[in-house]
Every structure is written in structure tokens, then in C-alpha cells.
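Novice: Got a predicted structure plus its sequence, pasted below:
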Amino acid sequence: MELPVVAGVDGSEGSLHAVDWAAAEAERSGRRLRLVHASLWEHYEGNPPRLSAGRPSEQVFAEDLVAASEERVHRQAPDVKVSTDVRPEDPVTALLEEGTEAALVVLGPRGHGPIAGMLLGSVSLAVAARASCPVVVARGAEPNRTSAYGRGVLGVGETAGSTTVARFALQQARERGCELTAVRAWRSSSYENMPYPLPDGEQRRAYRQQADEYLDHVMSVTARDVPEVTVRRKLLQGAAHQALVEESASADLLVVGAQRRRGAVGLQLGRVDHALLHHAACPVAVVPVVPEGH
């Protein structure tokens, strides 16, 4: 059975953006949509207030919440098949479990409560940093979230699994019928492995050529799999996160990779991923990559 798109629902404005983005994604891809709300209402201390049928009021609220989200999807994408679930457990744990059987998980950038004022909510950050499937954080203004620009951006990092990330970006571009800009940022100060010293001007040219050859390799390998997409290659000198934040201003989706190491604990996000999840101007897709041997 084809894996569904999963959207985390908590009733916040960001959650509604995630539901809308996920509905559009399910409609484009022909996948099912699964709406999930998770909270620890069943584990609160004491006796929570109860309504009809002996159900806690928190459970009734959660069920109403996912029902309203389902109605929202039906209005936006009536042909999408929708299922819902209310899980009385920690949201991060629940969404990570959902991700093991999902094509991707979609979350809002912020949630309710004391984390609402943060640039990125703790649940979204934790899931993006640990999930086994791609995670999309539906951030940015409405034009970016609703694919108004007809343009995707791929951040090409020099890590194992870059072709996996590029393939995901190309597939997204194909489904959207848009072009893809593959961005490789380079800085001479970040390289210390040149086999011999070069004059300053020659050194910059050598670093740029190195970045150009790597970008060409990644895209030539993956473009054969998805030949329908127009790919524009862009080399930018400077910090990768700054270059990608600027590119995100006129993009519908920014795709980056995140290394995963089997058995590792804690958040597994690089500095660039972390910065983009907090500051990008469009939805960000984090694609997990597990290097061989890990």
C-alpha cells in the first residue's frame, strides 16, 4: 500500500498551514492524508473533567480538533482520502512513530503554549531532527506555502546521500510542474585539504571549481531519474545558510538533507538545517540520510 502523507494537528495557526500544505501535497501525489493529534491528556495527574460517555474533556477537544481539520481538507481537496487519529501520548513520540510508515510528515512552524513565541516549535524541531522519513515544516508567507512562485530550491551539501536528497527535490518539482534551482555554496576559508598552497586568486578559483564539479556530479546522477524537470544550477560564494535563506524568499519549497546515524540519540541536524528551519521564508523539507556503514 502506498504510504500516506501525515500532518500533525494541534489547533494552532501553524498547524492549519500544515494541514493545507499536506492536503495540497496529497492531492498532487495521489496519496492518502492522515491527520494526527497527540497530547498527554490521558496522563495528567488527578481526575480530568469528563463530559458525555465518560470521555475526558481533553479527548473531546482533540476529537473535535481533528474533525474540523478533516472538514478543512474536504473543502480544499475533496478527492483526497483522509483518516484521523487521536493519540494520548507525547507528540514527538507519536509523530516519529507515524513517520515510520509515512511518505512524509508535515508540521507547522510553531505550536501552542510557552513555545508559541519561538521561531520554531520544539515538537517540529525534534521531529525534523529525528524522523526516518522526510519532514516538511510549512513555514513562510502564503505565496510561498501555496506554490505561487513555481520554483523549488535544493541545497546541495557535500555529504554522503546528497543524491537521495536531490532525487526527493526533483520528484517534488515534477509533481508541482515547476523548475528546480540546485544551490551549492562555497567558501575558501572552509577548506583546509588542498594538496598544495595556491595564490589567493587561484585558490578561490580552485575552490569554486571543486564546488562546481561536485554540484555537477550530484545533479547529473539524479537528473537521469527525473528528466522532466528543468534544473538550474547556482554556485554562490558565502555561508550556505545565508545563501539558502535568500533563495527561499522566492521559492515554494526548500529541500535539504540531514545525516542520521543508527543508534544515535538526540537531535541530528546540522547547523545549516537548524538555521533554515528557523529562518527560511518558505516551507522546508528535511530529508534524512543514513550513510553506509552507520
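Specialist: Yep, it's here. Numbering: from 1, shown residues only.

Novice: partner residues bridging Arg34?
Specialist: Going by DSSP bridges, Arg34 is paired in beta bridges with Val6, Ser83.

Novice: do you know how far it is from Pro78?
Specialist: Separation of Arg34 from Pro78 (CB to CB, to the nearest Å) stands at 17 Å. All C-beta spots, glycine's among them, are computed from the backbone N, C-alpha and C.

Novice: And whichever strand or helix holds Arg75, what does it pack against?
Specialist: Using DSSP states H and E, Arg75 sits in helix 57-76. Applying 3 or more CB pairs under 8 Å, 6 or more residues apart in numbering; DSSP states H and E, we find helix 57-76 packed against helix 13-29, strand 33-38, strand 82-87.

Novice: ok, and for the last one, which residues are buried?
Specialist: Yep, that's strand 82-87 we're talking about. Judged by neighbour count (16 or more other CB atoms under 10 Å), strand 82-87 contains these buried residues: 82, 84, 86-87.

Novice: Count residues in the vicinity of the residue nearest to Gly150 when sequence neighbours are not counted, would you?
Specialist: With CB to CB, 6 or more residues apart in numbering as the criterion, Gly150 has its nearest non-adjacent residue at 4.4 Å, and that residue is Cys178. By other CB atoms under 10 Å, 19 other residues sit near Cys178.

Novice: hang on, isn't Val290 packed against Gln268?
Specialist: No. If you go by CB atoms under 8 Å, Val290 and Gln268 don't touch, sitting 10.1 Å apart.

Novice: can I see the domain layout of the chain?
Specialist: Following automatic domain parsing, one gets these domains for the chain: 5-137, 142-289.

Novice: distance between the ends of the shortest one?
Specialist: I take that to be domain 5-137. 13 Å (CA to CA, to the nearest Å).

Novice: ditto for the last one
Specialist: One end of domain 142-289 sits 29 Å from the other (CA to CA).

Novice: Quick check: mean pLDDT of that domain?
Specialist: For domain 142-289, mean pLDDT rounds to 86.

Novice: and Ala40, how far is that from Val92?
Specialist: You called it Ala, but residue 40 is Leu. Here Leu40 is placed at a distance of 11 Å from Val92 (CB to CB).

Novice: who has more neighbours, these two?
Specialist: More crowded of Leu40 and Val92, by other CB under 10 Å: Val92, with 19 against 13.

Novice: For the more buried one, which non-adjacent residue is spatially closest?
Specialist: Ala126 (4.6 Å).

Novice: Only the buried residues of the one helix or strand Ala211 maps to, if you could.
Specialist: Assessed by DSSP H and E, Ala211 sits inside helix 200-223. Residues 207, 210-211, 214-215, 218-219, 222-223 are the ones in helix 200-223 that count as buried (16+ other CB under 10 Å).

Novice: Could you list the alpha-carbon positions for it in CSV?
Specialist: The C-alpha coordinates for helix 200-223 follow below in CSV (Å, rounded to 0.1, in the frame of the first residue of the first chain):
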residue,chain,number,x,y,z
ASP,A,200,44.8,33.8,-3.4
GLY,A,201,43.1,34.2,-6.8
GLU,A,202,43.9,30.8,-8.0
GLN,A,203,42.8,29.3,-4.6
ARG,A,204,39.4,30.9,-5.0
ARG,A,205,39.1,29.5,-8.5
ALA,A,206,40.1,26.1,-7.3
TYR,A,207,37.5,26.1,-4.5
ARG,A,208,34.8,27.3,-6.9
GLN,A,209,35.8,24.6,-9.4
GLN,A,210,35.7,22.0,-6.7
ALA,A,211,32.1,23.1,-5.7
ASP,A,212,31.1,23.2,-9.4
GLU,A,213,32.3,19.7,-10.1
TYR,A,214,30.5,18.3,-7.0
LEU,A,215,27.2,20.0,-7.9
ASP,A,216,27.5,18.7,-11.5
HIS,A,217,28.1,15.2,-10.2
VAL,A,218,25.1,15.1,-7.9
MET,A,219,22.7,16.6,-10.4
SER,A,220,23.9,14.5,-13.4
VAL,A,221,23.4,11.3,-11.4
THR,A,222,19.9,12.2,-10.3
ALA,A,223,18.6,14.1,-13.3
